[in-house]
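Undergrad: Give me the fold of what follows.
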Amino acid sequence: MLPDVAHCKKLVAELNENGISNHYIHAAAREDISLEGLHQATKLEKTELGYGLALGIIVGGLAGLSAGLAAVMLPPAGLELDSKLVLITTTVIGTIFGIAVSTLVASDIPNHELNNFQDRIYQGEILLIVDMPSGQIEPVKALIYDHHPEVKIGVLKNPRKPLPGQV
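TA: Predicted structure coming up:
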């Protein structure tokens, strides 16, 4: 968490100088605060969209498969069904429906991993998300604290694996 956009831009420049690409740095702030010149956090990072999509695929696919199994096991009288075609079709349709519904719902739900930061974001602070491998967290934290003691750092999720040649 940074107190304002100026501090955020300065920190991003320092991270860039130390080999961390803007591709892995995202900023989030209150809607009335301009983050021009910064790589803004995406809808996927700010909402539950990622979790919703995964859940939609699983639940929708299972619902479609269940409907297909019911249709194959209990076909309407006098109707012969191609079992494979019915199972594939209902599973695909269920998956598509699950994705559509979950996208509509999850895209408006704030990311639960950012709950601890919401109050400070509403107060005008800037959340800077840096996606990095776990082995590189401590050196980068030290770099940040050396130049920006005002920064509040929190670690979320399982960090990604290092990319070749990257800090």
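
Undergrad: which SS class is residue 127?
TA: When classified by DSSP: H, G, I helix; E, B strand; the rest coil, residue 127 comes out as strand.

Undergrad: so what's it scoring on pLDDT?
TA: The model reports residue 127 with a pLDDT of 90.

Undergrad: Quick check: bridge partners of it?
TA: For residue 127, the beta-bridge partners are residue 28 (DSSP bridges).

Undergrad: which residues sit in contact with it?
TA: By Cβ atoms under 8 Å, 6 or more residues apart in numbering, the contact set of residue 127 is 1, 2, 27, 28, 29, 41, 114, 117, 120, 121. Just so you know, the C-beta spots here come from the backbone N, C-alpha and C atoms, and that holds for glycine as well.

Undergrad: Which members of those are classed as buried?
TA: Neighbour counting by 16 or more other Cβ atoms under 10 Å classes 1, 2, 27, 28, 29, 41, 114, 117, 121 among those as buried.

Undergrad: of all these, which two lie farthest apart?
TA: Using Cβ to Cβ, the buried ones among the contacts of residue 127 span at most 14.8 Å, a distance reached by 2 and 114.

Undergrad: what number of residues lie near the closest residue to residue 56 other than its chain neighbours?
TA: Spatial nearest neighbour of residue 56, excluding adjacent residues (Cβ to Cβ, 6 or more residues apart in numbering): residue 102 at 2.8 Å. Using other Cβ atoms under 10 Å, residue 102 has 22 other residues around it.

Undergrad: Just list the residues touching residue 102, thanks.
TA: By Cβ under 8 Å, 6+ apart, the contact set of residue 102 is 52, 53, 55, 56, 57, 59, 60.

Undergrad: Quick check: phi and psi at the fifth one.
TA: To tie it back to what came earlier, the one meant is residue 57. Main-chain torsions, residue 57, degrees, to the nearest 10: phi -60, psi -50.

Undergrad: Count the neighbours of it for me.
TA: Residue 57: 16 surrounding residues under other Cβ under 10 Å.

Undergrad: Am I right that it is in contact with residue 101?
TA: No: counting by Cβ atoms under 8 Å, residue 57 sits too far from residue 101 to count as a contact (11.2 Å).

Undergrad: Within the helices and strands, which one has residue 12?
TA: If you go by DSSP states H and E, residue 12 is part of helix 5-17.

Undergrad: So this structure: which segments form each domain?
TA: The record's domain parsing of the chain by automatic domain parsing lists 1-42+113-125+148-167, 49-106.

Undergrad: next one: the shortest one to chain centre, how far?
TA: With Cα atoms, centre = their mean, to the nearest Å as the basis, domain 49-106 stands 25 Å off its chain's centre.
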